[in-house]
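Asker: here are the coordinates; sequence isn't available:
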C-alpha cells in the first residue's frame, strides 16, 4: 500500500520563506551600506577628535598635523555623495530625477509646476495657476 506523497511544506511556507529571504537580503545590504558609511566616518573623523582633545589638554599637536586631520574629515564629507548612489538604489533614482548628468535620456525632467501639483495632492486651480501668478 502506498500513500500519496504529501509536500513537506505548504505553498504559503514557500512564499513566506521567499519573502524572508528577500527581506534578509535587503537587511544585509542596508547593514553593509551603514557599516561602510560609519566605518569611513570613524576612520576620517576619529583622529581629528582625538587630536582635538589632545590639543586642548596638552597643546602638543603641530598645526600642520591638525590641518591634515581636518582635511581628512572634509574628504569624508565629499565621499558621502559618491557612496550613497553606489549602494542605495532609491537615492540614485531620486538624484537622477533632478540632476541632468545622472538622468537617463528617456526620462523627462519634471518641471517645478508638475512637482508642486504632485506634492499638493490636488489638481490645477485657477487662482493659483502660474499664468495668474505671473
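Answerer: Perfect, thanks for sending it. None of the values given here were measured: they were computed from a predicted structure.
Asker: all contacts plus neighbour counts: C-alpha atoms, from now on.
Answerer: OK.
Asker: Counting neighbours, what do you get for residue 70?
Answerer: Neighbourhood size, residue 70 [other CA atoms under 10 Å]: 18.
Asker: for it, what are its contacts?
Answerer: 45, 48 (CA atoms under 8 Å, 6 or more residues apart in numbering).
Asker: before we move on, what about residue 45?
Answerer: The contact partners of residue 45, by CA under 8 Å, 6+ apart, come to 69, 70, 72, 73, 76.
Asker: Out of these, who's the most crowded?
Answerer: Most neighbours among the contacts of residue 45, by other CA under 10 Å: residue 73, with 22 neighbours.
Asker: tell me the SS of residue 60?
Answerer: With DSSP: H, G, I helix; E, B strand; the rest coil as the basis, residue 60 sits in coil.
Asker: Isn't it up against residue 54?
Answerer: Yes - the pair residue 60 / residue 54 is scored as a contact, 7.4 Å apart, by CA atoms under 8 Å.
Asker: neighbour-wise, which of those two wins?
Answerer: Using other CA under 10 Å, the more surrounded residue of residue 60 and residue 54 is residue 54, with 13 against 10.
Asker: do you know how far the more buried one is from residue 70?
Answerer: Residue 54 sits at a distance of 14 Å from residue 70 (criterion: CA to CA, to the nearest Å).
Asker: Provide the contact partners of stretch 76-94 at residue level.
Answerer: Residues outside stretch 76-94 that contact it (CA under 8 Å, 6+ apart): 33, 37, 40, 41, 44, 45.
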